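Visitor: Structure for the following, please:
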Amino acid sequence: MSKASAARKLAAAALYGGGGLSALGAGLYGVLTAEAKLARKTIGPARDEPPPDASGWYGRGRPGPAIKIALLGDSSAAGYGADRVEETPGALIASAIAEFADRRVYLKEFCVVGAKSSDLAAQVDRALPIEPDATVILIGGNDVTHTMRPSQSVRYLSEGVRRLISADAQVVVGTCPDLGTVQPIAPPLRQVARAWSRRLAAAQTIAVIGEGGRTVSLGDVLGPEFAAAPALLFGPDQFHPSVEGYRALAGVLVPSVLAALQRVPAEEIGLEAFRGEGVLPVTRAAIRAVNEPGTELDGTEIGGRRTGVRGLWVELRHRRSRKDVPGEAPESQENATAPVPTEGGPEAVG
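Guide: Have a look, this model is predicted:
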């Protein structure tokens, strides 16, 4: 069997197989396993030291009360591979929110390198006590590499989003990136990774919208743009994003976090048809989002109803990018006299 033929069958199994890849023949499974071992060898062992923790206060001198943001997820949220805290997604997002909202920001990281969707419950447990105004979740890549069934991944994510929404937090989920562009992954595993990650991203979108959150597609942020400049946007292991890659990731998320916090200019509140924005059924919108860079989806109503004949109604948007804001190092307390926040919450937040 040729590699191309194997790729087609493996991708079909990832896209349509209810049981994942377990039903594949021994030959196809052997090809997949061999490619996975080669990819792991190329990527190399994980770093022993964790990424810098971006938890703390941002926006020195700006007014309060502080906007509280919880950051949940995996290594893409934690900023694996970054050497300086200013380079991590948490610092980049919090610095930008402080700049554009003109408010003090308190960000707390609960993300863990290597986390899967099944680990979200514990992260939500730790995040709820700080009573976040907004929660950003980046999860899914490890679900794909560990061949977790999308139905399982989505169930864990739905439960987490539901709990956060019930606690009055706005939730923004960056959906699973396109892993088919990761350089160490060779065909046919690359085609499987692409098909599986895109399927998961669409399923995540539908689930999150159903629970009242909003999503931002990351497939093209870590997809064609990364493939075109792997040396710039991928880190040394060619698997995790580089500093420039994390900056691109934050740049896509920040406008949607601002929107969730109702911190957008008046001229951007309405849908802009000339930018390809509009109202669509959620399934159709989810498929479009997988293939369009930085697409935001959020639930809406038509005639006072959230649901139409074809499912939930959603607003599909392509948020205007914001100017680049350099990441800053967080402060450990809100001001010179305030107590240092504990994991239970930022004590000085008004």
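Visitor: in whichever helix or strand Ala248 is part of, what's buried?
Guide: Assigned by DSSP states H and E, Ala248 belongs to helix 243-260. Residues of helix 243-260 classed as buried by neighbour count (16 or more other CB atoms under 10 Å): 243-260. All C-beta atoms are positioned from the backbone trio N, CA, C, and that covers glycine.
Visitor: then it to CSV, C-alphas only?
Guide: Extracted in CSV, the C-alpha atoms of helix 243-260 (Å, rounded to 0.1, in the frame of the first residue of the first chain):
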residue,chain,number,x,y,z
VAL,A,243,8.0,33.6,20.6
GLU,A,244,6.7,35.0,17.3
GLY,A,245,4.2,32.2,17.2
TYR,A,246,2.9,33.0,20.6
ARG,A,247,2.6,36.6,19.6
ALA,A,248,0.5,35.6,16.6
LEU,A,249,-1.7,33.4,18.8
ALA,A,250,-2.3,36.2,21.3
GLY,A,251,-3.0,38.7,18.5
VAL,A,252,-5.9,36.5,17.3
LEU,A,253,-7.3,36.0,20.8
VAL,A,254,-7.2,39.5,22.2
PRO,A,255,-9.9,41.1,20.0
SER,A,256,-12.3,38.3,21.0
VAL,A,257,-11.5,38.6,24.7
LEU,A,258,-12.1,42.4,24.5
ALA,A,259,-15.4,41.7,22.8
ALA,A,260,-16.4,39.2,25.6
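Visitor: Who does the helix or strand just after that helix pair with, and is each partner parallel or antiparallel?
Guide: Of the helices and strands lying after helix 243-260 in sequence (DSSP H and E), the nearest is strand 278-281. Sheet pairing of strand 278-281 (DSSP bridges) gives strand 311-317 (antiparallel).
Visitor: which residues does Leu107 contact?
Guide: 54-56, 58, 68-71, 90-91, 93-94, 330 (CB atoms under 8 Å, 6 or more residues apart in numbering).
Visitor: filter these to the buried ones?
Guide: For those, buried by 16+ other CB under 10 Å: 54-56, 58, 68-71, 90-91, 93-94, 330.
Visitor: count of residues packed around Ile269?
Guide: By the criterion of other CB atoms under 10 Å, Ile269 has 9 neighbours.
Visitor: just Pro63 next, same as before
Guide: Going by other CB under 10 Å, the residues that sit close to Pro63 add up to 9.
Visitor: Can you tell me the SS state at it?
Guide: Classification of Pro63 using DSSP: H, G, I helix; E, B strand; the rest coil returns coil.
Visitor: Would you mind confirming that it is in contact with Val105?
Guide: No - in this structure, Pro63 is not within contact of Val105 by CB atoms under 8 Å, at 11.4 Å.
Visitor: so where is this structure shaky, pLDDT-wise?
Guide: Scanning the chain with the threshold set as pLDDT under 70 gives 1-48, 180-190, 220-241, 336-350.
Visitor: tell me, which helix in it spans the most residues?
Guide: Selection of the longest helix in the chain by residue count, based on DSSP state H, yields helix 189-211.
Visitor: List the buried residues for the helix or strand just after that helix?
Guide: Where DSSP H and E defines the elements, the next helix or strand beyond helix 189-211 is strand 214-216. Within strand 214-216, the residues that qualify as buried are Arg214, Thr215, Val216, counting by 16+ other CB under 10 Å.
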